[in-house]
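Engineer: Need the 3D shape of this:
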Amino acid sequence: MARYTGPKTKIARKFGEAIFGYDKSFDKKPYPPGQHGPNRRRKAPSDYGIQLKEKQKAKHTYGLLERQFRNLFAESAKRSGVTGTILLQLLESRLDNVVFRMGLAPTRRAARQLVVHRHLRVNGTLCNIPSARVKPNDVISLRERSKDLDVVLDSLSKRGKKFPWVDFSRDTMSGVFLNVPEREEIPENIREQLIVELYSK
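Structural biologist: Have a look, this model is predicted:
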C-alpha cells in the first residue's frame, strides 16, 4: 500500500499550517521552507497555483497519493450534491480517518498503522485496509489483545475534541460511526471549491 513517507514538517511549513498535528519544529519555523528563510522574496501565486496548493494540502492532510485522491474525486463528481462537500465526506468515511477521529491514534499516520497491523475490527470482522469505507452505524473495535497497546492508551488519555458523528466507549474500547458529517462539522481548513475548480479544467 503506497503512502507518502517523506518529511512532515517541511510539508506543513509549505502550507503554513500544522496539518499533521502539533509539531514543535513547525512552531520554530512557521514560514515556507527554502534557502533564504522568511526573507525570501516570493512571487504572488497564480489561480492555478492556489488551486493546486489546496488539493495538495487535502491530499497530505488525509494521507492519500494522487491516484487515490483523483479516483475519490471522480466518485464524488458522479454523486448528486455538492461535489466538494461529498469529497470531504468520503475522506472522512475512510477507516483510518474514523479511527483517528475516535481518538485511538494521535495522528492519521498512526491510525493507518493500527489498521494495517490488524488491530481493528469493523462489525466484528478483522479489517486491515485503511481506505475501507465506513458506513453509518458500523462498529469499530479493537482486538482483545490490542486493547492494552501503549499508543492507544496514550492517545486516549490525551484525547481532545470529540466529534458528533463518532461515538466511542472507553469501557468496551469500541466506537460507532453514527453518520456522515456535514461540511460545517468537519474542522479541516480546506477550501474544497478550489479543488473542484482545479479538476474541472
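Engineer: hey, let's count contacts and neighbours off CA atoms from now on
Structural biologist: Fine.
Engineer: Roughly how far does the most centrally placed residue in the chain sit from Leu126?
Structural biologist: For the chain, Tyr62 is the residue whose C-alpha lies nearest the centre (CA atoms, centre = their mean; 2.9 Å). Here the criterion is CA to CA, to the nearest Å. By it, Tyr62 lies 22 Å from Leu126.
Engineer: hang on, the earlier thing: what's the distance between the residue nearest to the centre of the chain and Leu90?
Structural biologist: Taking CA to CA, one finds Tyr62 at 11 Å from Leu90.
Engineer: How about Lys162?
Structural biologist: Using CA to CA, Lys162 is found at 19 Å from Leu90.
Engineer: between those two, which one's more packed in?
Structural biologist: Neighbour tally, Lys162 and Leu90, criterion other CA atoms under 10 Å: the higher count belongs to Leu90, 18 against 12.
Engineer: And that one, which helix or strand is it part of?
Structural biologist: helix 83-92 (DSSP states H and E).
Engineer: on contacts alone, who are the packing partners of that helix?
Structural biologist: The contact analysis (3 or more CA pairs under 8 Å, 6 or more residues apart in numbering; DSSP states H and E) places helix 83-92 against helix 66-78, helix 192-199.
Engineer: do that again at 6 Å, thanks
Structural biologist: On a contact count with 3 or more CA pairs under 6 Å, 6 or more residues apart in numbering; DSSP states H and E, helix 83-92 meets helix 66-78.
Engineer: Tell me which residues are up against the helix it packs on.
Structural biologist: Residues from elsewhere that reach helix 66-78 (CA atoms under 6 Å, 6 or more residues apart in numbering): 83, 86-87.
Engineer: before we move on, back to that, work out the gap between the helix holding Leu90 and the centre of the chain.
Structural biologist: Relative to its chain's centre, helix 83-92 lies at 12 Å (CA atoms, centre = their mean, to the nearest Å).
Engineer: contacting residues around that helix?
Structural biologist: The contact list for helix 83-92 (CA under 6 Å, 6+ apart) reads 73, 76-77, 183, 192-193.
Engineer: Swap in 10 Å and give it another go.
Structural biologist: 58-59, 61-64, 69, 72-80, 93, 97-98, 100-101, 131, 133-134, 180-184, 186, 188, 190-197 (CA atoms under 10 Å, 6 or more residues apart in numbering).
Engineer: Can you select the buried ones from these in ChimeraX?
Structural biologist: In ChimeraX syntax, the buried subset of the contacts of helix 83-92 is picked out as below (16 or more other CA atoms under 10 Å):
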select :58,59,61,62,63,64,69,72,73,76,77,93,97,98,100,101,131,134,180,181,186,190,192,194,195,196
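Engineer: can you map out the strands along the chain?
Structural biologist: Using DSSP state E, the strands of the chain run over 120-122, 125-126, 138-142, 166-169, 174-177.
Engineer: The longest helix along the chain to helix 83-92, inter-axis angle?
Structural biologist: Longest among the helix segments of the chain by residue count, using DSSP state H, is helix 47-62. Interaxial angle of helix 47-62 relative to helix 83-92 (axes from the mean of the first three to the mean of the last three CA atoms, to 10 degrees): 20 degrees.
Engineer: tell me which residues in helix 47-62 are buried?
Structural biologist: Using 16+ other CA under 10 Å as the test for burial, helix 47-62 gives 51-62.
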